[in-house]
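> Sequence first, predicted model second:
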Amino acid sequence: MIPLSTLLADMVETDGGFASDVPDNWTQGRTTFGGLTAALSVAAAQRAFPDLPPLRTMQVAYMRPASGALDLRPTLLRRGRSAAFVEVDCRSQGESAVRVTLVFGEARDSALAHDFSHEDVPAPEDCPRFMPESAQINFMSNFDMRLATGAHLLSGAETPAFSVWMRLRDPGALSPIITMACLGDGLPPAAMASFDRFGPVSTITWSLDIAHIPDTLDWVRLSSFSEQAEHGYSLQNMALHDLKGHRLGAARQNVAIFV
């Protein structure tokens, strides 16, 4: 199993971007796991423009399968006094496959500070496995996943929602930002809790707004709720918290479902 830290270390600078060869243990069907594509894109932007401030938000559009040798091409769209906008075109087999828009922003002094998102949930060590080892698809072998609250997948649940503790099995020396980018798209869609049989799903767009950047990051609790599903699409509302209950970020996801 090749960990994310090794993939980042092995990224090669090319004329106009960076190249990464994705192994099978990071695939999801015909394509690369979306969280890995996002993490590689963030890393490519940070290497291309090393003086960027912290990442504040990212928007990802998955246009076609991306697998094998990926070509990541960062472009600085605008640099202001406090914010920088970077676009990363992730190409596979010579065609654009994933488009990532990143916004980096300097911290600023503010008298306003609040967080109303704290929940009391069991600790990871007190939670059962989210999925049995035998049911995990390739990329999930990189994660330890524990169900904190909510329904299991394929349980026909009336409320399609769950909260899951996640961490990388081999985190290496990753920054919290790269870890969040990778883990943030790691959960199956919450709509799958309402499935009564297995069916394919495919993320169309995914966005992550970062609220808090910790110094270190291990377990991340991802909460996901399918707010609405119709005509083969599901709108997912998601949140990320650390072990101390701090809100790390909020995410949205539009998912195609095939049941």
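It's in.
> Next one: Cys127 from Leu168, what distance?
17 Å (C-beta to C-beta, to the nearest Å). (Glycine included, C-beta is placed from N, CA and C.)
> Give me every residue in contact with the least confident helix or strand in the chain by mean pLDDT, excluding its own residues.
Here the helix or strand of the chain ranked lowest by mean pLDDT, DSSP states H and E is strand 27-28, holding a mean of 90. Applying C-beta atoms under 8 Å, 6 or more residues apart in numbering, the set of residues contacting strand 27-28 from outside is 33-34, 67, 137-139.
> at 6 Å what do you get?
Applying C-beta atoms under 6 Å, 6 or more residues apart in numbering, the contact partners of strand 27-28 are 138-139.
> just stretch 94-114 next, same as before
Contacts of stretch 94-114 (C-beta under 6 Å, 6+ apart): 37, 41, 45, 52-53, 55-64, 66, 82-90.
> Keep only those of those that are in strands.
Cross-referencing the contacts of stretch 94-114 against strands under DSSP state E gives 55-62, 83-90.
> quick one on the thing from earlier: name every strand pairing with the least confident helix or strand of the chain and say which way it goes.
strand 31-32 (antiparallel) (DSSP bridges).
> taking the mean pLDDT, what do you get for the strand it pairs with?
Strand 31-32 carries an average pLDDT of 93.
> Outside of it itself, which residues are in contact with it?
If you take C-beta under 6 Å, 6+ apart as the criterion, strand 31-32 is touched by 22, 65-67.
> Check stretch 231-239 too.
189-191, 223-228, 250-251, 253, 255-257.
> Out of those residues, which end up buried?
Applying a neighbour-count criterion of 16 or more other C-beta atoms under 10 Å, the buried members of the contacts of stretch 231-239 are 189-191, 223-226, 250-251, 253, 255, 257.
> can you redo those residues as CSV with pLDDT?
Supplementary listing: the buried ones among the contacts of stretch 231-239 in CSV, determined by pLDDT from 0 to 100:
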residue, pLDDT
Pro189, 94
Ala190, 96
Ala191, 96
Ser223, 97
Ser224, 97
Phe225, 97
Ser226, 97
Ala250, 96
Ala251, 97
Gln253, 96
Val255, 96
Ile257, 95
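> Output these as CSV; include the columns secondary structure and distance to Gly232.
Listed next are those as CSV, based on DSSP: H, G, I helix; E, B strand; the rest coil; distance: C-beta to C-beta, whole Å:
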residue, secondary structure, distance to Gly232
Pro189, coil, 12
Ala190, helix, 16
Ala191, helix, 11
Ser223, strand, 24
Ser224, strand, 19
Phe225, strand, 19
Ser226, strand, 13
Ala250, strand, 25
Ala251, strand, 21
Gln253, strand, 15
Val255, strand, 10
Ile257, strand, 6
